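Visitor: Fold the following.
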Amino acid sequence: MRYLILLATALASSTCCLRAQLAQPPPGVTEGVLKELMNACPANPGLANLDASPAWSGWGGAGNARFQAKEGAGLPSTDVPKLKVKWAFGLPGGMSMYSQPSVAFRRVFVGNDNGVVYSLDAKAGCVYWAYQADMFGRFAPIAAPISGYAGTRYAIFFVTRSTTAYALDAHDGKLLWKTQVRTGLNNLSATAAYHDGRLYVPMSGTETLVGADLNYECCKSRGAVASLDANTGKVLWVTQSIPEPLRQLGENANGKQRWGPAGASVWNTPTVDAKRGLIYVGTGNSFGRIAATTSDSILALRMEDGKMMWHHQEFVGDAFMARCQAANGADSNCAEKLGPDYDFGGSSAILETVQGKDILLAAGKGGVAIALDPDKEGKLLWRTQLWETQAPSASGLVVWGGAADGVHVYYPLQQPGGGLKALDIQTGQVDWNAAINADRRGQAGPASAIPGVIFTGGWDGILRAVDTKGMVIWSFNAVRDFDTINHVAAKGGSFGCAGPVIAGGMVFATSGYPGTLRGTPGNVLLAFGLE
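Guide: Purely as a prediction, here's the structure:
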């Protein structure tokens, strides 16, 4: 029984879900633009300039704050209680909604868990194009300029679970380039970041579920970040999340060589700091016998060449794998004392400017929020404990991350009843905790904000809007069947790794995420607007 409990905890523990071995493409997939579309748009007009209409491109916008300003949102806080479903799109064959929608050119771009990426009309929900990629990914498509392709101004960039990066023509979905990014044992569980003609791709290790096997030579996989030329797909540099080299740690009970330090997966979208020429990422736990000095940390990497400039480690000695005991013998692959698995995941690094001062904000599964000074090599400015009576389990308290509006940073809580805590960015003081009244699993999904309102979805399948006084002003229960604009049978379910996005007076959200806590599956993209 103890083994089953530990294994269940391990399976629930990943910041973004299940950490398996290298993901493989589904069998029989033929990549390319799909020729037959249900609910095809009657025409496909040319694209205007990217800045000609409100957009939410990629994971979290400027500074990864997951905040849409007034002009882009087009949705006054007083109108949020009036939101209604304008249309629902059924993802054909979908069973779990991993992809977060993106908005650009008055279109919505979203991925299905069978590897198909769609371009939809934001107002009508009809389909402009669909592209079959090699497999699914927990990505939010990125709309950005591209050069070197006649007749093409803009591309849609995304990276799938297999670490295959794609650039598609944003207008018609044709393939411009694709690149395999990983060079070793890596998966991908987050959206890449784009800046000034480069993509920054986060990658995770692969040994959480296999490392404890005494017949396995553990552990060598590490987190990493890669930089790609967005115009060509060429890999410019790859930096591992652990700077020290792997070393032999002796044999285990079955005579298999052990290695370390390993792990420190990067589960989150890099945060771009163009002013300092840096990107910031959060890392997860180590694998194997020993822990790295950069696990459970915030790393600062130089954009030019990937050099690690500084790091802040919040939890020391966190080596965690499935099938390990709380205490393990000297001949085991596991750490002598099993770590808590306190990854930084989701929106791990949010860069905010308050009264002219830049502040780097982070929180993760360990239930601790921190603020770092990017001008002083990550010096700690404040630390706030988010849990109240009991330290988080390996499932984590803050999983997919928060949002910030320049005054507060907001963190959804994965705990009984949920919660949404608002922290003063300058001091770390908790100003309020919204009474969400979710079920026992709370909220794992990321928050999204507009002036005066924060949106947060729960394992219970309810999307809620909370005002800046901590009051729930609107909610929608997505656990039901939907009549869809494309006539595909669709159900809603839990809100998980994909957060809601707001642009042009509408809110878009994918619903249906089984995840690790028995969430309700689904296959629907919902578009909310006003009558």
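Visitor: Which residue ranges of the stretch 301-450 of the chain form strands?
Guide: Secondary structure of the stretch 301-450 of the chain, counting by DSSP state E, counting those that start in this stretch: strands at 308-313, 350-354, 357-363, 368-373, 379-385, 403-404, 408-412, 420-424, 430-434, 448-450.
Visitor: For these, give me a markdown table that also has mean pLDDT, mean neighbour count and distance to Ser295.
Guide: Quick note: C-beta positions are derived from backbone N, CA and C, even for glycine. What follows is the strands of the stretch 301-450 of the chain, written out as a markdown table (pLDDT from 0 to 100; neighbours: other CB atoms under 10 Å; distance: least, CB to CB, whole Å):
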| stretch | mean pLDDT | mean neighbour count | distance to Ser295 |
| --- | --- | --- | --- |
| strand 308-313 | 98 | 18 | 7 |
| strand 350-354 | 97 | 19 | 21 |
| strand 357-363 | 98 | 23 | 14 |
| strand 368-373 | 98 | 21 | 15 |
| strand 379-385 | 98 | 15 | 18 |
| strand 403-404 | 98 | 28 | 25 |
| strand 408-412 | 98 | 29 | 21 |
| strand 420-424 | 98 | 23 | 24 |
| strand 430-434 | 98 | 17 | 27 |
| strand 448-450 | 98 | 26 | 28 |
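Visitor: Make CSV from the ones you listed and add distance to Asn268 to it.
Guide: As requested, the strands of the stretch 301-450 of the chain are arranged in CSV below (distance: least, CB to CB, whole Å):
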stretch, distance to Asn268
strand 308-313, 15
strand 350-354, 10
strand 357-363, 9
strand 368-373, 15
strand 379-385, 19
strand 403-404, 14
strand 408-412, 14
strand 420-424, 19
strand 430-434, 23
strand 448-450, 15
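Visitor: Those strands: which one's closest to Ala394?
Guide: strand 368-373 (15.0 Å; CB to CB).
Visitor: Where does pLDDT dip in the protein?
Guide: Applying pLDDT under 70 to the chain flags the ranges 1-26.
Visitor: Would you map the helices across it?
Guide: 2-13, 70-73 (DSSP state H).
Visitor: if we can go back for a sec, of all the strands of the stretch 301-450 of the chain, which lies closest to Ala192?
Guide: strand 350-354 (17.0 Å).
Visitor: Parallel or antiparallel, which strands does the closest one pair with?
Guide: strand 357-363 (antiparallel) (DSSP bridges).
Visitor: so how far is Gly406 from Gly28?
Guide: 49 Å (CB to CB, to the nearest Å).
Visitor: Comparing these two, which residue is more hemmed in?
Guide: Taking other CB atoms under 10 Å, Gly28 and Gly406 do not tie; Gly406 has more neighbours (16 against 5).
Visitor: I'd like to check which residues are in contact with the more buried one.
Guide: Contact analysis of Gly406 by CB atoms under 8 Å, 6 or more residues apart in numbering lists 67, 352-354, 425.
Visitor: Which member of those residues is positioned nearest Val103?
Guide: For the contacts of Gly406, the nearest to Val103 is Phe67 (14.5 Å; CB to CB).
Visitor: burial count for that closest one?
Guide: Phe67 has 25 nearby residues by other CB under 10 Å.
Visitor: just checking, it touches Gly61?
Guide: Yes. Counting by CB atoms under 8 Å, Phe67 touches Gly61, with 6.4 Å between them.
Visitor: Now do Ser286 against Pro27, distance only.
Guide: 34 Å.
Visitor: These two: who's more crowded?
Guide: Ser286 (31 against 5).
Visitor: From what I see, that one and Ala264 are in contact.
Guide: Yes. Here Ser286 reaches Ala264: they are 6.1 Å apart, a contact under CB under 8 Å.
Visitor: Show me the common contact partners of these two, please.
Guide: With CB under 8 Å, 6+ apart as the test, Ser286 and Ala264 both reach 292, 295.
Visitor: Spit out the contact partners of Lys365.
Guide: Counting by CB under 8 Å, 6+ apart, Lys365 has contacts 13, 15, 341-345, 392, 394-399.
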